[in-house]
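In: This is a predicted model, with the sequence first.
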Amino acid sequence: MKWIIRAIGILLLILAVAVGSLFLLPADRIARIAADQLHNLTGREVTITGDVGLTFWPVLGVTAGGLEVGNADWAKDGAMLSAANAAIGVDAMALIRGEIKITNIEAQSPTIRLEQRRDGRASWQFSDGGGAASIETAPSAPARSPRPLTIQRLDITDATLIYDAEGADLVRFAGVDLSLDWPERAGDAVIKAALRPAADRVTIEAKIDRFDQLLNGDIRPLRARVDTKGGGVTLAGRAGLSGAVAGDLWFKTSNTERFLAALGAGAIALPQGLGKTTDIKLDLTLTPDRRLALRDVVADLGGNALTGAADITLNGTPDVNAQFNVGTLDLTGFARSDTSGSPAPASSTAAPAPASSSGWSTAPIDASALAGFNGEIALRADSIDLGTLSLGATRVLLRNDRSRLVAELREIRAYAGVISGEFVINNRNGLSVGAR
């Protein structure tokens with residue numbers, strides 16, 4: 001019995017010494033070595049500044065008055081991540097062994113800058129990482145082979161996210177929450193984000209198979225979901241840090257107007273049958289140079305069905321080449337919304353027009369959407385119902401070039417004959433409309 005009591009006493013003494021040694025660890029030394037490991041993981045300069053302290057609850061680690069992760073050497077604006085308050089959690093048993101193993105990182109109100117070039121370079125593409133760091137209590141030992149580093153948990157709250165894609169408008173979001181759960185290096189990772197581009201909250205969740213291989217530049221299977229009030233988008237496929245994405249996309253909305261508004265698109269009015277509700281499935285491929293291919297498109301637009309394919313170049317103003325077949329197209333909902341009698345908004349410089357239950361609207365025509373894309377869209381319909389007019393087989397080619405849209409009417413069967421010609425809407429220097 002005595003030897004059992006002695007053994008227990010020895011174990012308790014060892015445990016007490018181990019725990020006590022944690023209180024004697026130099027916080028600034030741990031912070032510096034943790035920064036070195038983050039550098040090994042990302043290939044970027046990592047700086048920990050401000051007051052550094054040792055924490056024991058809820059996570060063993062260090063707190064810092066500032067954390068900065070450098071951007072790619074070709075990036076033009078500041079660090080990739082800069083935070084005024086940060087915490088780095090470490091593995092207690094690894095500390096006792098004289099090593100630093102990062103388990104989690106927390107950052108409050110950081111600024112995150114992401115940049116992408118047309119040639120496919122992206123600031124979030126990191127170099128290969130690794131390297132075991134240790135607290136030096138004796139002369140340096142011979143160099144050891146690099147050891148992979150895992151960050152099991154990453155929590156970022158109230159971030160400002162800036163995305164600068166060459167040739168596109170700068171995108172900026174405030175109040176972004178972001179988390180990464182990656183418990184096993186050779187396992188899956190779950191990434192979650194929440195942001196408010198407008199009034200409604202948008203949530204994003206992605207599960208990535210073998211996240212370590214994704215960080216090494218491989219294309220990995222993933223499943224991602226975007227949700228907000230009004231609808232959501234699901235992608236099941238494969239992706240890589242280079243910007244390559246391929247998979248099956250499902251876009252379903254019960255209120256497309258609210259869904260788009262939540263993404264920051266503003267107030268968009270959609271008539272019944274033309275996307276007020278949607279159920280769209282397609283095969284998507286996006287290349288690192290931002291070329292988007294949509295194949296096997298099957299869409300229910302709330303009463304009208306659409307099939308087809310499209311190729312879109314996303315560098316600068318989108319360039320579109322698409323072919324769609326709408327079968328039997330019902331535009332009676334569009335005709336009803338066009339004659340609903342809703343009063344036009346009053347101008348700030350002119351008296352409002354008298355209310356009228358019929359006749360042409362006096363509201364200004366906004367054709368600014370013509371600047372939103374260039375390219376060609378071919379439309380084919382078996383028949384078109386306009387409410388007061390029915391058309392037979394119809395083939396139309398829409399060509400838009402710098403706000404000048406030409407609708408080439410290749411075939412419109414109506415009145416026991418065939419109608420053809422061109423209809424032009426030009427908004428380059430003020431709106432003009434013509435036909436021939």
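Out: Sure thing, it's come through.

In: show me the contacts for R436.
Out: When contacts are counted by C-beta atoms under 8 Å, 6 or more residues apart in numbering, R436 touches G421, E422. Every C-beta, even on glycine, is put in place using the N, C-alpha and C of the backbone.

In: quick one: it from S403, how far?
Out: Distance of R436 to S403, given as C-beta to C-beta, to the nearest Å: 19 Å.

In: try T332
Out: 30 Å.

In: secondary structure class for L270?
Out: Secondary structure, DSSP: H, G, I helix; E, B strand; the rest coil: L270 is coil.

In: where does it land on pLDDT?
Out: For L270, the pLDDT comes out at 85.

In: Tell me where the stretch 1-150 of the chain has helices.
Out: 2-24, 27-42, 92-96 (DSSP state H, counting those that start in this stretch).

In: Mean pLDDT lowest where, among those?
Out: Among the helices of the stretch 1-150 of the chain, helix 2-24 carries the lowest mean pLDDT, at a mean of 50.

In: Tell me, how many residues neighbour D209?
Out: Residues within reach of D209, counting by other C-beta atoms under 10 Å, total 14.

In: Look up the closest residue to it, ignoring the ones flanking it.
Out: Nearest-residue entry for D209: P221, 4.3 Å, with adjacent residues in sequence omitted and distances by C-beta to C-beta, 6 or more residues apart in numbering.

In: and the gap between that neighbour and N426?
Out: 47 Å.

In: picking that back up, residues contacting the residue nearest to D209?
Out: Neighbours of P221 in contact, by C-beta under 8 Å, 6+ apart: I208, D209, G237, R238.

In: Name whatever forms a beta bridge with it.
Out: Counting by DSSP bridges, P221 forms beta bridges with R238.

In: D181 and L235, how far apart?
Out: In this view, D181 and L235 are 19 Å apart by C-beta to C-beta.

In: Same check on L38?
Out: 30 Å.

In: List the contacts of the residue nearest the centre of the chain.
Out: In the chain, the C-alpha nearest the mean C-alpha coordinate belongs to I204, at 8.1 Å (C-alpha atoms, centre = their mean). When contacts are counted by C-beta under 8 Å, 6+ apart, I204 is found next to I191, K192, A193, A194, L195, A224, R225, V226, D227.

In: hmm, 7 Å instead?
Out: K192, A193, V226 (C-beta atoms under 7 Å, 6 or more residues apart in numbering).

In: Look at the first one and say how many residues are nearby.
Out: When you say that, I think you mean K192. K192 has 15 nearby residues by other C-beta under 10 Å.

In: Could you verify that L306 is part of a strand?
Out: Yes. According to three-state DSSP, L306 belongs to a strand.

In: quick one, what contacts the closest residue to it other than its chain neighbours?
Out: Nearest in space to L306, with sequence neighbours left out and distances taken as C-beta to C-beta, 6+ apart, is A299 at 4.3 Å. Taking C-beta under 7 Å, 6+ apart, we find A299 in contact with T278, I280, A305, L306.

In: Just give me the closest of those residues to I33.
Out: Set against I33, the nearest of these by C-beta to C-beta is I280 (50.3 Å).

In: any idea which helix or strand comes after the helix or strand where the closest one lies?
Out: Counting by DSSP states H and E, the element that carries I280 is strand 278-286. Remark: after strand 278-286, the chain's next helix or strand is strand 291-300, criterion DSSP H and E.

In: Look at A261 and give its secondary structure.
Out: A261 ends up helix, using three-state DSSP.

In: now it: how far from G247?
Out: 26 Å.

In: Tell me what N325 is bridged to.
Out: For N325, the beta-bridge partners under DSSP bridges are T307, R380.

In: Count the neighbours of it for me.
Out: There are 15 residues near N325, going by other C-beta under 10 Å.

In: same thing with D77?
Out: Using other C-beta under 10 Å, D77 has 12 other residues around it.

In: residues contacting the residue nearest to it when sequence neighbours are not counted?
Out: Nearest residue to D77, sequence neighbours excluded (C-beta to C-beta, 6+ apart): R113, at 5.9 Å. Contact analysis of R113 by C-beta under 7 Å, 6+ apart lists N71, D77, G78, A79, M80, I162.

In: Identify the bridge partners of R113.
Out: Note on R113: beta-bridge partners by DSSP bridges are I162.

In: Distance-wise, check it relative to K76.
Out: 10 Å.

In: again, but for A369
Out: Taken as C-beta to C-beta, the span from A369 to K76 is 31 Å.

In: Equivalent analysis for A84, please.
Out: As judged by C-beta to C-beta, A84 and K76 stand 23 Å apart.
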